[in-house]
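Chemist: Sequence first, then the predicted structure, then my questions.
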Amino acid sequence: MSTVIDIITKTEEAGSSFELILVNSDYDVDLIFDDTTKLTYRLTLNSEGEKGLFVNDPTQGGNAYRLSIEDTNMLREIFENK
C-alpha cells in the first residue's frame with residue numbers, strides 16, 4: 001500500500017492540478033491511517049499506455065492530477081492483479 005501512497009504524494013507535490021468532478025472512476029480509494037485520518041480518492045487508469053488521473057476529495061469537486069504513464073502502469077498492476 002505504501003507504493004500507492006508514494007505515487008499519490010509525489011503527484012500532488014508536483015502540482016499542476018485542475019478542478020474536476022469525476023463521475024465515473026475505475027477505483028474509489030479510501031486511505032485510513034493509524035490516527036483514523038481518512039483520505040478519499042477517485043482513480044481512473046485509462047487504457048494501457050495512457051496517463052491515469054486521480055481526484056482528491058471527490059465529494060467536493062476536488063483537485064485532479066495526471067499520473068505519469070509509469071505510475072499509472074504501476075497502479076494498474078497493483079489494483080488489477082489482486
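Modeler: Yes, it's here. Numbers count the residues shown, from 1 in each chain.

Chemist: Quick one: end-to-end length of stretch 51-71, please.
Modeler: 8 Å (C-alpha to C-alpha, to the nearest Å).

Chemist: Can you list the buried residues in that stretch?
Modeler: Across stretch 51-71, burial judged by 16 or more other C-beta atoms under 10 Å covers 52-56, 58, 62-67, 71. Just so you know, the C-beta spots here come from the backbone N, C-alpha and C atoms, and that holds for glycine as well.

Chemist: which of those lies closest to residue 7?
Modeler: residue 71 (4.7 Å; C-beta to C-beta).

Chemist: Nearest residue to that closest one in space, ignoring adjacent ones along the chain?
Modeler: Excluding its sequence neighbours, the residue lying closest to residue 71 (C-beta to C-beta, 6 or more residues apart in numbering) is residue 7, at 4.7 Å.

Chemist: Next, the contact list for that neighbour, please.
Modeler: 67, 71, 74-75 (C-beta atoms under 8 Å, 6 or more residues apart in numbering).

Chemist: Name the pair among those residues with the greatest separation in space.
Modeler: Among these, 67 and 74 lie farthest apart (C-beta to C-beta), at 9.1 Å.

Chemist: can you pull the buried residues of stretch 72-82?
Modeler: For stretch 72-82, by 16+ other C-beta under 10 Å, it's 72-75.

Chemist: Just the residues contacting that stretch, thanks.
Modeler: Here stretch 72-82 has contacts from 3-4, 7, 26-27, 43, 45-46, 48, 50-52, 67, using C-beta under 8 Å, 6+ apart.
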